[in-house]
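K.L.:
generate coordinates for the sequence data below:
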Amino acid sequence: MEDSVMEDAGAGITTCIITGCSGSGKTTALRSLLAQLPQESRCIVCVHQHGKSFGLDGALPVPASFATDDKRLAKYFEVFDFGSGCLCCSPDGDLTRELCGISRALEAGDAAYTHLLIETTGVADPRPFIRLLVSEPLIAARFSLRRVVAIVDFSRGTKLYDFAKPKDKPTLQIANCDLVVLNKLRSAPVSAHVVVDRASIGDKLKSQIGSVTTAPVIEAGEG
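P.N.:
Model (predicted):
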């Protein structure tokens, strides 16, 4: 997946938003992308969290799920949503402040980065993140949005995704991405006719995805 997602966007820091339902595999996808970057890369990782679930006092450590000795992980931070909308993307929100601060440091020559990976919460609408990256002049001048990737949990298939409800967050996530990755294919429900069942689930899910987006659909592990 790395070649199609994180190839150099030219001017600006190559940026990717990873969205998808809780448990779909977003963090695994993020770690995979980070691990596949060239060794000389300097990547910023931003994880969007539910603020009610976390203590916010003091600096946040890099989670154990990330290899803290990986030199490609140059900066890690988290932004928080307290359940009243994505305020982190508002003019005075956490993400806006962080990215503006990074932009100023880059402009002053005090920092050097090559990539930015943003992982949203499982119930996030990706549109505020997209707007921030392309509409805020200071941020847009330094960051180049390369991909919005929606990770889809194949194992829960059509039970999780109701494409007849365009305002549902899973549907919004897929409708506003430009790459869909089907994940957890081996965890799909099985029976005596496992191959037929998986193919049937896959065909139905891909058809429903195609009803809300023209984005290409790939399976996890594809290039």
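K.L.:
surely residue 130 is in a helix?
P.N.:
Yes: residue state for residue 130 (DSSP: H, G, I helix; E, B strand; the rest coil) corresponds to a helix.
K.L.:
what distance do you get for the spatially closest residue to it that is not a sequence neighbour to residue 133?
P.N.:
If the residues on either side of it in the chain are set aside, residue 130 comes closest to residue 148, at 6.4 Å by C-beta to C-beta, 6 or more residues apart in numbering. Placement of C-beta: from N, CA and C, glycine included. Using C-beta to C-beta, to the nearest Å, one gets 10 Å for the distance from residue 148 to residue 133.
K.L.:
same thing with residue 70?
P.N.:
Counting by C-beta to C-beta, the gap from residue 70 to residue 133 is 24 Å.
K.L.:
between the two, who's got more neighbours?
P.N.:
Using other C-beta atoms under 10 Å, the more surrounded residue of residue 70 and residue 133 is residue 133, with 23 against 16.
K.L.:
for the protein, which strand is longest?
P.N.:
Ranked by residue count under DSSP state E, the longest strand found in the chain is strand 143-153.
K.L.:
mean confidence for that strand?
P.N.:
Averaged across strand 143-153, the pLDDT comes to 95.
K.L.:
mind exporting that strand as PDB, just the C-alpha atoms?
P.N.:
Output in PDB follows, covering the C-alpha atoms of strand 143-153 (Å, rounded to 0.1, in the frame of the first residue of the first chain):
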ATOM      1  CA  PHE A 143       1.800  20.300   3.900                       C
ATOM      2  CA  SER A 144       0.600  18.500   0.700                       C
ATOM      3  CA  LEU A 145      -2.400  16.200   1.200                       C
ATOM      4  CA  ARG A 146      -1.500  13.100  -0.800                       C
ATOM      5  CA  ARG A 147      -4.200  10.600   0.300                       C
ATOM      6  CA  VAL A 148      -7.300  10.100   2.500                       C
ATOM      7  CA  VAL A 149      -7.400   6.400   3.100                       C
ATOM      8  CA  ALA A 150     -10.500   4.700   4.500                       C
ATOM      9  CA  ILE A 151      -9.800   1.300   6.200                       C
ATOM     10  CA  VAL A 152     -12.800  -0.900   5.800                       C
ATOM     11  CA  ASP A 153     -13.300  -3.900   8.200                       C
END
